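# how would this look folded up:
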Amino acid sequence: MSPKPITENTLFYGDNLIILREYITSESVDLIYLDPPFNSSRNYNVLFKDEKGIDSESQITAFEDTWHWNMAAEHTYTELLTEAPDHVAKMIESLRGFIGENQMMAYLVMMAARLVELHRVLKATGSLYLHCDPTASHYLKIILDVIFGPTSFRNEIVWQRTSAHNDPHRYGANIDILLYNTKGSTWTWNQQYISHSSEYLTRFRQHDPDGRAWTDADITAKGLSGGGYDYEYKGIRSLWRCPIETMEKLDAEGHLHFTKAGGIRLK
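Numbers count the residues shown, from 1 in each chain. Model prediction:
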């Protein structure tokens, strides 16, 4: 079924799986950021608590009213086995055998179904950022590796969301994870820059005739372990950090500073 036509600047409210399937065309999205409801200060229960009410030793939490292994989870699981690509179906089946029928598996099934659709709608040059927490990030990375391909992984970004605090009998749980994947081998990347601090700029007190500011650094290897290159360059003999070919290249590019004391420094 072809997606329904939509106008620009449309805001959707509802189940994103239905919206993705009914409205979003394949390879039409440049950037995806998703922060699925998972770790919140709302009501909690144990994520590995089975549906008979027996607590697991793994104290992993999620929304009390969201993730359960029930008929809806079973339906989504069956749908993935029959309609998702074969390698995705095998991965989900293996996870169920490993994790069991519990709230974590219900959460992962929900996520896998949506990530299949998100992969479909993402452009070849598009990127995806998945915001999660350490309780499920390792499982989600496996799912992303299978759906997007293991070579699509770019970064795991760790965000310290609160300052350090004491949690009973463990280190402070104060970070979230962002998993950054791209769909293809080339992707859109807009490099961000900020101005240099005034403290940093004070290091560059000297200027070339064209106005470029610079500071200098030692280019000799004296005192360094591992030795260096012993030769004479323009009448100045020393133990250098680079071979003469590199020295000549640096000189040609204007990266050498010849001091009044008869030394050479690196610009």
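# what's the longest strand in the protein?
In the chain, taking DSSP state E as the definition, the longest strand is strand 122-132.
# that one packs against which elements?
strand 29-34, helix 103-121, helix 137-148, strand 175-182 (3 or more CB pairs under 8 Å, 6 or more residues apart in numbering; DSSP states H and E). In short, each C-beta sits where N, CA and C put it, glycine included.
# with just CA atoms, put the second one into PDB.
If I follow you right, that is helix 103-121. Listed next in PDB are the C-alpha coordinates belonging to helix 103-121 (Å, rounded to 0.1, in the frame of the first residue of the first chain):
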ATOM      1  CA  GLN A 103       9.100  -7.000  29.700                       C
ATOM      2  CA  MET A 104      12.600  -6.500  28.200                       C
ATOM      3  CA  MET A 105      11.700  -8.700  25.300                       C
ATOM      4  CA  ALA A 106       8.400  -6.900  24.800                       C
ATOM      5  CA  TYR A 107      10.400  -3.600  24.700                       C
ATOM      6  CA  LEU A 108      12.900  -5.000  22.200                       C
ATOM      7  CA  VAL A 109      10.200  -6.400  19.900                       C
ATOM      8  CA  MET A 110       8.500  -3.000  19.900                       C
ATOM      9  CA  MET A 111      11.700  -1.300  19.100                       C
ATOM     10  CA  ALA A 112      12.800  -3.700  16.400                       C
ATOM     11  CA  ALA A 113       9.500  -3.300  14.500                       C
ATOM     12  CA  ARG A 114       9.900   0.500  14.400                       C
ATOM     13  CA  LEU A 115      13.600   0.400  13.600                       C
ATOM     14  CA  VAL A 116      12.800  -1.700  10.500                       C
ATOM     15  CA  GLU A 117      10.500   1.000   9.300                       C
ATOM     16  CA  LEU A 118      12.900   3.800  10.200                       C
ATOM     17  CA  HIS A 119      15.600   2.100   8.200                       C
ATOM     18  CA  ARG A 120      13.200   2.000   5.300                       C
ATOM     19  CA  VAL A 121      12.300   5.700   5.300                       C
END
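# which helices and strands sit right next to that helix?
Using 3+ CB pairs under 8 Å, 6+ apart, helix 103-121 sits against helix 16-23, strand 29-34, strand 61-63, helix 71-83, helix 86-99, strand 122-132, helix 137-148.
# kindly report the same for the first one.
Strand 29-34 makes packing contacts with helix 103-121, strand 122-132 when contacts are defined by 3+ CB pairs under 8 Å, 6+ apart.
# tell me which of those sits nearest to His257.
strand 122-132 (42.0 Å; CB to CB).
# how about the secondary structure of Leu239?
For Leu239, the assignment made with DSSP: H, G, I helix; E, B strand; the rest coil gives strand.
# for the closest residue to it other than its chain neighbours, grab phi and psi.
For Leu239, ignoring the flanking residues on the chain, the nearest one in space by CB to CB, 6 or more residues apart in numbering is Gly228 at 4.3 Å. Dihedral pair for Gly228: phi -160, psi -150, per degrees, to the nearest 10.
# equivalent analysis for Pro134, please.
phi -60, psi -10.
# pretty sure it sits against Ile177.
Yes: between Pro134 and Ile177 there is a contact under CB atoms under 8 Å: 6.1 Å.
# so those two - more neighbours on which side?
Counted by other CB atoms under 10 Å, Pro134 and Ile177 do not tie: Ile177 has more neighbours, with 19 against 13.
# which residues does the more buried one contact?
Neighbouring residues of Ile177 by CB atoms under 8 Å, 6 or more residues apart in numbering: His131, Cys132, Asp133, Pro134, Ser137, Glu156, Ile157, Val158, Trp159.
# and the third one, how far is that from His165?
As for Asp133, its distance to His165 is 15 Å (criterion: CB to CB, to the nearest Å).
# more crowded one of these two?
Shown here are Asp133 and His165; by other CB under 10 Å, Asp133 has more neighbours (19 against 9).
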